[in-house]
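Q: Following is a predicted model, sequence given first.
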Amino acid sequence: MMPEPSVDLASLRVLIVDGDVVRRQALLDCVGTQVRATSFTDTMEAGLAHCATQDPDVIFVAETLPDGDGLALCDKARQLDAEVAVIVTTAAADLALLDRVIREGIDAYLTLPLDSEQCLAALQRCARHRERMIDRKLAQMVFEAANEGILVTDEETRVLAVNPAFTVLTGYRPRDIVGQRTHILSSGRHGPEFYRAMWDSLLHHGRWSGELTNRRRDGSLYEEWLSIVAVNGDGRRTRRYVGLISDITERKREEERIRRLAHFDSLTGLPNRVLFEDRLQRAIARAQRYRHKLAVLYLDLDLFKEVNDTWGHGTGDQVLQVTASRMLHCLRQTDTVSRRGGDEFVLLVEEHEGLDSLRSICAKLLEEIALPIVVAGHSVQVGASIGIAIYPDDAQQPDELLAAADTALYEAKAAGRGHCCFFHPTLPPGGSRFDMERELRDGLEDWRYSLLYLPEISLRSGQVEYVEALLRFQHPEFGLLDAGRFLEIAESIGIMPELGRRALAEAAAALKGGNGDFGLVVDLSPRQLADPDAVEHLLDTLTEVGVPPHHITFESTELALGGSPQAMASLSRLADAGCRFSLDDFGAGYCSFALLAQLPLDTIKIDRSFVSEIVGNRAIHELVAALVAFGRRLGARVVAEGVETAAQLALLREMGCDAAQGFLFGPPADLASVPDAAGIMERLLATLGRSGG
């Protein structure tokens with residue numbers, strides 16, 4: 001047997017309880033230089049008092065003391081400190097004494113006269129025993145107090161002990177599981193290969209750790225991180241296995257929630273833009289490897305805006321969910337349906353059987369989507385338009401393929417509702433949306449944009465009060481394009497903040513250089529409104545040009561604001577700086593009175609779709625009159641858009657509308673033409689005055 005290792009005695013505090021001065025000195029000579037501190041008392045009472053206050057590690061006590069039996073000190077001292085070691089010194093060791101030493105649990109005894117080697121050896125044994133007791137007590141405290149579950153088994157995986165945390169985690173109390181094999185915890189989720197790898201690691205390396213699913217006492221499953229260590233006995237044979245268990249169920253749920261947020265649309269549960277583009281990239285790689293085709297379908301719902309406007313966004317959300325479910329039923333499990341945003345979806349169809357197959361799929365999609373949807377007792381109906389691009393015929397890169405499908409979607413929507421359209425390289429403008437994006441970016445570099453102006457003329461004085469700056473783009477192939485042909489693309493590729501700033505600088509400079517006494521109206525796009533730095537850049541632009549903020553009216557639609565806190569904050573900051581705000585297309589969209597109350601409103605513009613019908617449509621006539629009255633009650637200036645006839649002008653004057661703009665006064669032109677528009681208005685007002693209009 002290997003000798004036990006020696007213990008460092010330098011940390012020990014020793015108490016000697018003996019009424020004999022000579023024996024005390026002999027003990028002091030023997031151990032005094034080996035230990036940390038040595039104290040003396042001559043009676044049991046004094047010794048116990050010392051134990052209560054000084055907490056010694058080892059007590060040397062004489063068999064006989066002046067006030068009693070020295071061996072009786074052991075039990076009383078242990079009541080104060082269960083780990084204290086006791087060594088009895090005696091003149092002669094007989095069997096009766098040895099029997100008492102054993103029964104009292106005394107650690108050692110020494111016969112007199114003292115032998116220094118025997119004394120130090122006894123002290124070493126007591127120190128080792130004390131360390132073991134303390135280590136065992138600490139281990140038990142850790143075992144009981146640990147937050148992680150602890151499971152101890154024998155070499156045959158029979159449970160020997162579990163701690164309270166294990167019971168909390170699994171529901172198994174010690175009496176329920178001690179003696180059972182650990183397979184009682186098995187969930188059945190892991191196959192033989194999993195456990196074979198676990199045991200291979202334990203047998204060869206003595207440890208294993210990993211994630212697994214186990215079953216609680218009530219049958220529910222939970223996720224855990226398990227670390228197992230093999231504890232070897234004599235002869236290096238494994239005698240115990242200790243498992244440390246952490247409950248990671250909530251962490252796994254949170255990881256899954258974050259994963260779904262990152263890759264799936266929260267409303268419909270469909271793959272989002274990120275996951276779709278990853279799947280498209282992989283699908284293209286497979287198509288390239290196996291030389292087959294795939295199709296991307298860009299789908300946009302028809303009449304969805306009307307659903308939101310009529311029934312509210314809650315109904316709109318339910319329509320999107322039902323539509324998503326219907327699309328999934330129309331495709332195979334190997335295909336992908338993704339929500340791109342809003343009411344736009346992108347579908348990936350792999351290994352299709354040709355154009356006829358795709359037409360059949362699109363027809364089925366259009367038919368299913370057009371079926372009525374019952375929401376809260378109301379029957380709601382939408383349709384869809386679909387643009388189709390095929391790999392590798394139309395494009396070979398993911399972004400080019402998506403752009404081609406998007407371009408085809410524009411053609412499908414232009415053809416009317418409920419249509420599908422295949423991408424064709426001659427689709428305007430410029431052959432593809434990709435070409436248009438490139439042209440718009442290049443045009444920003446060499447500034448192929450220009451501005452025309454449309455005046456807002458007072459219906460009382462006939463004078464031009466404001467001019468609205470209208471952006472145009474000079475396309476190298478298709479000529480001068482109005483904003484409706486390119487602004488949505490410019491917005492989507494992120495150039496609007498820079499384009500808007502440069503357009504504002506040009507318009508403000510033209511205003512400053514002109515002779516007219518009128519203000520400038522400039523449109524703000526959703527991207528500009530959402531940019532936290534937009535206000536600073538816009539105001540800096542006005543400062544650089546030298547135009548006061550109160551000469552500028554920024555205009556936007558309610559749809560562009562979108563209830564965005566950032567957009568509302570941008571408008572408020574512009575208003576604080578002195579700029580004015582005009583709400584465009586008033587009455588044509590989802591009208592939120594709560595939003596109107598928050599806007600720094602100076603002007604509202606009645607949409608041209610209403611103005612065009614006020615002459616022959618009594619209901620529209622009354623609606624426009626009500627909108628004018630409502631705007632006036634808000635303290636806002638009311639402007640009618642799209643005025644094209646003198647009859648419309650007369651009715652608007654009669655309703656009390658403040659100003660008008662439209663082709664009746666001429667098409668958009670440069671600032672030099674503004675007086676001509678005012679002259680036209682003066683002649684019209686004079687004519688209306690003579691006719692009593």
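A: Noted; the coordinates are in hand.

Q: Skipping its backbone neighbours, what lies nearest residue 613 in space?
A: With Cβ to Cβ, 6 or more residues apart in numbering as the criterion, residue 613 has its nearest non-adjacent residue at 4.2 Å, and that residue is residue 620. (Glycine included, C-beta is placed from N, CA and C.)

Q: go on, residue 362?
A: In space, residue 362 is closest to residue 420, 4.0 Å off (Cβ to Cβ, 6+ apart).

Q: Any idea how many residues pack against the one you found?
A: By the criterion of other Cβ atoms under 10 Å, residue 420 has 23 neighbours.

Q: quick one, phi psi at it?
A: The phi/psi pair for residue 420 (degrees, to the nearest 10) reads phi -120, psi 150.

Q: Low-confidence stretches in the stretch 451-600 of the chain?
A: The stretch 451-600 of the chain contains residues with pLDDT under 70 at 484, 492, 515-516, 559-564, 587-595.

Q: and residue 389, what pLDDT?
A: Listed pLDDT for residue 389 reads 92.

Q: same thing with the one 5 residues further on?
A: Listed pLDDT for residue 394 reads 86.

Q: Run a quick neighbour tally on it.
A: For residue 394, using other Cβ under 10 Å, the count is 22.

Q: and the gap between it and residue 488?
A: 21 Å (Cβ to Cβ, to the nearest Å).

Q: now swap in residue 286 and tell me
A: As for residue 286, its distance to residue 488 is 33 Å (criterion: Cβ to Cβ).

Q: pretty sure residue 128 is touching residue 7, no?
A: Yes - with contact defined as Cβ atoms under 8 Å, residue 128 and residue 7 form a contacting pair (5.2 Å).

Q: what kind of secondary structure is residue 547 in?
A: coil (DSSP: H, G, I helix; E, B strand; the rest coil).

Q: what helix or strand does the closest residue to it other than its chain neighbours sit in?
A: Using Cβ to Cβ, 6+ apart and skipping residues adjacent in sequence, the residue nearest residue 547 is residue 508, 4.3 Å away. Residue 508 is part of helix 496-513, with elements assigned from DSSP states H and E.

Q: How far does that helix sit from its chain's centre?
A: Helix 496-513 has its C-alpha centroid displaced from the chain centroid by 38 Å (Cα atoms, centre = their mean, to the nearest Å).

Q: Residue 336 bridge partners, please.
A: residue 348 (DSSP bridges).

Q: residue contacts, it?
A: If you count contacts by Cβ atoms under 8 Å, 6 or more residues apart in numbering, residue 336 has them with 271, 276, 279-280, 347-348.

Q: for the helix or strand hosting residue 23, packing partners?
A: Per DSSP H and E: residue 23 is located in helix 21-31. Helix 21-31 sits against strand 13-17, strand 37-41, helix 116-145, with contacts defined as 3 or more Cβ pairs under 8 Å, 6 or more residues apart in numbering; DSSP states H and E.

Q: Now do that helix, average pLDDT.
A: Mean predicted confidence for helix 21-31 is 88.

Q: Ok, stretch 675-693 next?
A: Stretch 675-693 comes out at a mean pLDDT of 67.

Q: follow-up on the earlier one: which residues touch the helix holding residue 508?
A: 444, 447, 449, 451, 467, 469, 471, 487, 490, 520, 522, 524-525, 527-528, 531, 533-534, 537-538, 541-542, 544-547, 551-552, 671.

Q: again, only using 7 Å
A: Helix 496-513 is contacted by residues 444, 449, 451, 469, 471, 490, 520, 522, 524-525, 527-528, 531, 534, 537-538, 541-542, 545-547, 551, 671 when judged by Cβ atoms under 7 Å, 6 or more residues apart in numbering.

Q: so of the residues you listed, which ones are in helices?
A: Counting by DSSP state H, the part of these found in helices is 444, 490, 527-528, 534, 537-538, 541-542, 545.

Q: Out of those residues, which is nearest to residue 211?
A: The shortest gap between residue 211 and any of the ones in helices among the contacts of helix 496-513 belongs to residue 527, at 43.8 Å (Cβ to Cβ).

Q: how far away is the closest one from residue 106?
A: 88 Å.

Q: Give me the buried subset of the ones in helices among the contacts of helix 496-513.
A: For these, a burial check counting by 16 or more other Cβ atoms under 10 Å picks out 444, 490, 527-528, 534, 538, 541-542, 545.

Q: now the strands for the stretch 551-693 of the chain?
A: Assigned by DSSP state E, counting those that start in this stretch, the stretch 551-693 of the chain shows strands spanning 552-557, 580-586, 603-606, 637-640, 659-660.

Q: Now distance to residue 24 and mean neighbour count too, for these, in CSV please.
A: Shown next, in CSV, are these (distance: least, Cβ to Cβ, whole Å; neighbours: other Cβ atoms under 10 Å):
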stretch, distance to residue 24, mean neighbour count
strand 552-557, 99, 22
strand 580-586, 99, 22
strand 603-606, 106, 26
strand 637-640, 109, 26
strand 659-660, 115, 25
